[in-house]
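Engineer: sequence and predicted structure, then a few things I'm wondering about:
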Amino acid sequence: MKKHIKLGFFIFFIPVFLWLFLLIILPQIDLLLMSLKVENDVGDMVWSFSNYNAFFKENIYWYTFVRTATYSILVTFLTFVVTFPIAFYITKVVSPKYKGFLTILLLMPFWVSELVRVYGWMILLRESGVINYYLMQFGIIDKPIEMLYNDISMIMGLVYTSMLFMIVPLISALDGMDDSYIEAALDLGASKFVIFFKIIIPYAAPGIVSGSIVVFMLTLGNYLTPNLMGGKNSLWFTEQIYNQFIASFNWNQGAAFGFLLLILSSLIIWIALKISKQNLSKALS
Amino acid sequence: MKKLALLAVATTALLSSNLFANDTLKILTWKGYAPQALVDKFEKETGINVELTYSNNEEMIAKLRATRGAGFDLAQPSQDRISSVQAKYKIYMPIDYSKITTANVVPSMLTAVKNNTKVKGESYAIPFCYGTSGLIVNKKLAPGAKDYSDLLNPKYKGKISYRLKRPTLIAVAFGKGVDPFKKYSDIAAYSSLMNTVEKDLIAAKPLVHNYWANGDALLSMLRSGEVTVAMGWDGGGWKLHKENPDIDFVAPKSGALGWIDTFAIPSKAKNIDGAYKWINFMLKPENAAYFTNDQGYGTASNGAIKLLDSEKRDNFERTFSNEDIENINWYPPVPAKLEKIEGRTLDLIKSAQ
């Protein structure tokens, strides 16, 4: 019997192990080594921390990082604000008959790729786009306004692309909540405000946390949306990494940036978990 | 049972024939450099299956560097981006010019490309096509735009677009009356030139509609009139001119930037014969002429000029006077360290508020 378990364990364990080791751990080690090397004047590769130093010395690098991180936190918060009422409506207000249908409606846009969705927004928002056309037709404005290529359009695009990853954990968290909690609170005379903050939010906290982690990580690592919708002022940190690898051929610097992104984003999530007094394994279970 | 055995034999035969034929040619190229009609014709003539991957100079180098020259049988980098990359990463193999029908290549271009791609006595490329970068202007809405300096001209506020890549930095330097190519050998001087270019471009940031990232997006912005002065390639400008005579490519006063794109064979190419076959096929006058008629870029093929549509010749004559042709600044090979300086400059411009 014991042997049996061992065999089964290995059958399931080995593919997972190989996957993790060959496709994630090995390349990461390679990147780490690469990030610690730098070319000296003769053109040889020598060990050095200067790739990491460059991040802290050069204003634009950490400035871009701070900007990216701040905007990612903002996007995560906005995504929560936008999706929570929807999740609440679907799970608690609407008749269970339509629940599946409404969820499918929410998932539908995500059947097409992110690129197509972003282009859709661009068609709507651009200077010669759909929205400007109708505003002009109805005489609300007489000159087209450029609504694309700024931070607001970029944040909107990011919120839109990450909504799904917030709403699914929220729905599953709220689904498990017994309505009688709310009824009991109402009977005891609690206000809606108190019910929201004392009952609903704490109950949904694991869902909120897991959704937030996923949205934050995806936004921080997004390349497409900031690049296409952000326009001329919005350098995103991933673009910086791409530039180092592709435009400057400086793979060592790019690898160092990649690692810094990994470390700093893990740090932000750790701090957020501490502040919200949540724990990771509980949030993800 | 018999049927099943037969089926098994047939399947094995089919699989193995596939394995042995193994005649695919993987080409890493720019969009438009392998028109479908020519690919079909080539496949029919040689029985080789062509697989295309679209890319640009930087990504071509990065892709080949990642695999140390494997994965593709042919690449099409610009001639100025070969020698320093080859010296450092060794991603191409030397060209065996005896396998090329050199009679089909314009001699002056072949010599120039051979010289510019020389590393340790071996050359690494064959010219394919050429063209220029300059301005694409809507002449009705922005009649005065004549030089790169107009990309920084407040008169066209919000109607300007360019790419945040190295050609723009070089163009802005030319627009200031400085020849950046002369500073290629002096890193310190080039670096200080890039500093002034960076200041100019940051100061001009409020004037820019958007930094374009791909050619199609630029053309659609020009078509709709959102942008009236842009930096772009001649082929694109001429394409728009055909749709709307107000828009045209303009050779800037301080000189259009001339580029030559080439054929180069990655060092671990598998189908080398196929690669040479494709090169010779594409340089045949009738095929080269088809490419130019289709895409608008000039061809390095000798004798293709006679076969061009009159419209293509008109384009060229309308845009380039003799003086403009003399004025073209051809890209010299890029020394190794410059990319780092330019990369930093571009980052600073993009992140400036």
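Structural biologist: Structure received. Given the structure is predicted, the values throughout are model-derived calculations rather than measurements.
Engineer: point out the residues in chain B that sit beside chain A.
Structural biologist: B:58-59, B:61-62, B:65, B:85, B:88, B:158, B:165-166, B:205, B:208-211, B:213, B:224-226, B:339-340, B:342-344, B:346-348, B:350-353 (C-beta under 8 Å from any C-beta of the partner chain). In this view, the C-beta of every residue, glycine as well, is placed from N, C-alpha and C.
Engineer: which members of those occur in strands, if any?
Structural biologist: Among those, the members found in strands (DSSP state E) are B:208, B:209, B:210, B:211.
Engineer: quick revisit: ok, of the residues of chain B next to chain A, which come out buried?
Structural biologist: B:58, B:61-62, B:65, B:85, B:165-166, B:208-211, B:225-226, B:339-340, B:342-344, B:346-348, B:350-352 (16 or more other C-beta atoms under 10 Å in any protein chain shown).
Engineer: on the pLDDT front, check residue A:249 for me.
Structural biologist: pLDDT, residue A:249: 80.
Engineer: swap in the one 3 residues further on?
Structural biologist: Reading off the per-residue confidence, residue A:252 sits at a pLDDT of 89.
Engineer: SS state for it?
Structural biologist: helix (DSSP: H, G, I helix; E, B strand; the rest coil).
Engineer: can you pull the contacts of it?
Structural biologist: A:34, A:35, A:37, A:38, A:39, A:45, A:51 (C-beta atoms under 8 Å, 6 or more residues apart in numbering or on different chains).
Engineer: show me how to select, in ChimeraX, the buried members of these.
Structural biologist: Buried residues within the contacts of residue A:252, by 16+ other C-beta under 10 Å, are selected in ChimeraX with:
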select /A:34,35,37,38,39,51
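Engineer: for the closest residue to chain B within chain A, grab phi and psi.
Structural biologist: Closest to chain B within chain A is residue A:248: 3.2 Å, counting by C-beta to the nearest C-beta. When read as degrees, to the nearest 10, the backbone of residue A:248 gives phi -100, psi 0.
Engineer: which ones are touching the nearest residue to it once chain neighbours are set aside?
Structural biologist: Leaving aside its sequence neighbours, residue A:248 sits nearest to residue B:343 (C-beta to C-beta, 6 or more residues apart in numbering or on different chains; 3.2 Å). Each residue near residue B:343 by C-beta under 8 Å, 6+ apart is listed here: A:243, A:244, A:247, A:248, A:250.
Engineer: any of these buried? List them.
Structural biologist: A:243, A:244, A:247, A:248, A:250.
Engineer: kindly reformat the contacts of residue A:252 as TSV containing secondary structure, pLDDT and distance to chain B.
Structural biologist: Listed next are those as TSV, based on DSSP: H, G, I helix; E, B strand; the rest coil; pLDDT from 0 to 100; distance: C-beta to the nearest C-beta, whole Å:
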residue	secondary structure	pLDDT	distance to chain B
A:34	helix	88	12
A:35	helix	89	16
A:37	strand	85	15
A:38	strand	83	12
A:39	strand	77	10
A:45	strand	79	12
A:51	helix	86	12
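Engineer: kindly reformat the contacts of residue A:252 as JSON lines containing distance to residue A:134.
Structural biologist: Formatted as JSON lines, the contacts of residue A:252 follow (distance: C-beta to C-beta, whole Å):
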{"residue": "A:34", "distance to residue A:134": "52"}
{"residue": "A:35", "distance to residue A:134": "50"}
{"residue": "A:37", "distance to residue A:134": "56"}
{"residue": "A:38", "distance to residue A:134": "55"}
{"residue": "A:39", "distance to residue A:134": "56"}
{"residue": "A:45", "distance to residue A:134": "58"}
{"residue": "A:51", "distance to residue A:134": "51"}
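Engineer: where does the stretch 201-350 of chain B get nearest to chain A, residue-wise?
Structural biologist: residue B:343 (3.2 Å).
Engineer: quick one, grab the pLDDT at that residue.
Structural biologist: Per-residue pLDDT puts residue B:343 at 85.
Engineer: and residue A:124, by the same measure?
Structural biologist: 89.
Engineer: with the one 4 residues further on instead?
Structural biologist: pLDDT, residue A:128: 81.
Engineer: thought it was touching residue A:144?
Structural biologist: Yes: Residue A:128 lies in contact with residue A:144 (C-beta atoms under 8 Å); the separation is 6.7 Å.
Engineer: pick out whichever of the two has more residues nearby.
Structural biologist: residue A:144 (18 against 15; other C-beta atoms under 10 Å in any protein chain shown).
Engineer: all strands for the chain, in order.
Structural biologist: Because you didn't say which chain, this covers chain A. According to DSSP E, the strands that chain A contains are A:37-39, A:45-47.
Engineer: to clarify, I was referring to chain B.
Structural biologist: B:24-29, B:49-54, B:74-75, B:92-93, B:126-138, B:160-162, B:208-211, B:229-233, B:247-250, B:257-263, B:265-266, B:298-299, B:329-330.
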